[in-house]
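sequence unavailable; structure follows:
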Ligand code: SF4
């Protein structure tokens, strides 16, 4: 989630979350952005169905989300930006992996660092994408599909058969949901509220009209995000102080996911909350500016809505979205109207409510 951090997860450690008699032979190294880690859960599920729970190397931010996942044995935190920065960190984690004697390592993340970790692990089989910079060090190179959703592209790594498909998943515990419910109740938020996720690491992916949306949306709203999103969240809350409650910067990732699970709808940019909502089954209105869903990171659920400016020749302009619009006008987001988002939210809420009354709709 743009800027959201899992509180209390720092440094390097291995936390066993399965009975001590299970020792995984299979390791997955996924230290990309949080959204990428969430979209890797189907791959983890497919591998776990074949081999039992698999171990995962991931970032401290994502580790808290994977702990407790039924497809995951141990979560190995690799703090590549801080405690484990540089080649010293690679060596340290690599030695730790070697001591666990994996037979197979899967590399959905195409970084050279991940390839180096796989080599250090000493695993005889290292399976990754053929277009990765470190592919020469793999023992098995898989062609990365050029089209399709990222979930299917990652599943290609396991050469998953059609009957092995698994969905994006994030099993929340009763405690996670209870904490979200307590938070909502203590802030006077009842059911059928809308969650708003205005953040993104990349500036041009941020839709600028969340405050205007909040001023016109006739229901309770909760703003979710990390510490970096607090200023934006405050502006949104100021636009409708009687209907907006700010959770940005105040909840852990698991609590944020549980809160999104309780929402009637999530309005989000092309960022990690979109994938959290996919994992917990909450309907989505996704706002795409400089990127497009065809990159493989759009919503997956039937009934979700994706909005983007269809008439701009400059769009898409980059894979992640540049910090600033190279043309200076940022029309891809500025011309995405509040009316269109309000209509999408209304359509989703009506469809969900009619499904609740008549499940066959
Ligand atoms: S160049 Fe076009 S697509 Fe890219 S940020 Fe600017 S308006 Fe958006």
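Looks like it came in fine. The structure presented is a predicted model; accordingly, all values stated were derived computationally and were not measured.

what does this protein put close to the ligand?
204, 289-290, 312, 314-315, 317, 325-327, 329-332 (Cβ under 6 Å from any ligand atom). Where you see a C-beta, it was placed from the backbone N, CA and C, and this is true even at glycine.

buried among those? Need that as a selection in ChimeraX.
Under the burial definition 16 or more other Cβ atoms under 10 Å, those of those that qualify are selected in ChimeraX by:
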select :204,289,290,312,315,317,325,330,331,332
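
could you dump the residues of the chain next to the ligand to TSV with distance to residue 297 and secondary structure?
Converted to TSV, these look like this (distance: Cβ to Cβ, whole Å; DSSP: H, G, I helix; E, B strand; the rest coil):
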residue	distance to residue 297	secondary structure
204	15	helix
289	13	coil
290	13	coil
312	19	coil
314	19	coil
315	15	coil
317	16	coil
325	20	coil
326	21	coil
327	23	coil
329	24	coil
330	20	coil
331	21	helix
332	16	helix
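
include distance to residue 279 when you put the residues of the chain next to the ligand into JSON lines, please.
Formatted as JSON lines, the residues of the chain next to the ligand follow (distance: Cβ to Cβ, whole Å):
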{"residue": "204", "distance to residue 279": "25"}
{"residue": "289", "distance to residue 279": "23"}
{"residue": "290", "distance to residue 279": "24"}
{"residue": "312", "distance to residue 279": "31"}
{"residue": "314", "distance to residue 279": "32"}
{"residue": "315", "distance to residue 279": "27"}
{"residue": "317", "distance to residue 279": "28"}
{"residue": "325", "distance to residue 279": "31"}
{"residue": "326", "distance to residue 279": "33"}
{"residue": "327", "distance to residue 279": "35"}
{"residue": "329", "distance to residue 279": "35"}
{"residue": "330", "distance to residue 279": "30"}
{"residue": "331", "distance to residue 279": "32"}
{"residue": "332", "distance to residue 279": "27"}
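
how about the residues of the chain next to the ligand in a markdown table, adding pLDDT?
Shown next, in a markdown table, are these (pLDDT from 0 to 100):
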| residue | pLDDT |
| --- | --- |
| 204 | 97 |
| 289 | 98 |
| 290 | 98 |
| 312 | 96 |
| 314 | 97 |
| 315 | 97 |
| 317 | 96 |
| 325 | 97 |
| 326 | 97 |
| 327 | 97 |
| 329 | 97 |
| 330 | 98 |
| 331 | 98 |
| 332 | 98 |
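
can you pull the contacts of the closest residue to the ligand within the stretch 101-250 of the chain?
Closest residue of the stretch 101-250 of the chain to the ligand, Cβ to the nearest ligand atom: residue 204 (4.2 Å). Contacts here follow Cβ atoms under 8 Å, 6 or more residues apart in numbering; on that basis residue 204 touches 289, 290, 317, 321, 322, 323, 324, 325, 330, 332, 333.

can you check residue 116 too?
87, 90, 94, 134, 137.

of these, which is the nearest to residue 32?
Nearest to residue 32 among those is residue 134, at 14.1 Å by Cβ to Cβ.

how much space is there between the closest one and residue 321?
26 Å (Cβ to Cβ, to the nearest Å).

more crowded one of the two?
The residue with more neighbours, out of residue 134 and residue 321, is residue 321; 24 against 20, by other Cβ atoms under 10 Å.

what about residue 293, how many residues nearby?
The burial count for residue 293: 15, using other Cβ under 10 Å.

so the nearest residue to it once chain neighbours are set aside, which of the three states?
Nearest residue to residue 293, sequence neighbours excluded (Cβ to Cβ, 6 or more residues apart in numbering): residue 306, at 5.2 Å. With DSSP: H, G, I helix; E, B strand; the rest coil as the basis, residue 306 sits in strand.

now swap in residue 251 and tell me
Residue 251 ends up coil, using three-state DSSP.

I figured it was touching residue 182, is that so?
No. Using Cβ atoms under 8 Å as the test, residue 251 is too far from residue 182 to be in contact (11.3 Å).

need the contacts of residue 116 in a markdown table (columns: secondary structure and pLDDT).
Below are the contacts of residue 116 laid out as a markdown table (DSSP: H, G, I helix; E, B strand; the rest coil; pLDDT from 0 to 100):
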| residue | secondary structure | pLDDT |
| --- | --- | --- |
| 87 | helix | 88 |
| 90 | helix | 89 |
| 94 | helix | 93 |
| 134 | coil | 93 |
| 137 | helix | 96 |
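
what number of residues are in the vicinity of the residue nearest to residue 187 when sequence neighbours are not counted?
In space, and not counting its chain neighbours, residue 187 is closest to residue 245: 4.6 Å by Cβ to Cβ, 6+ apart. By the criterion of other Cβ under 10 Å, residue 245 has 19 neighbours.
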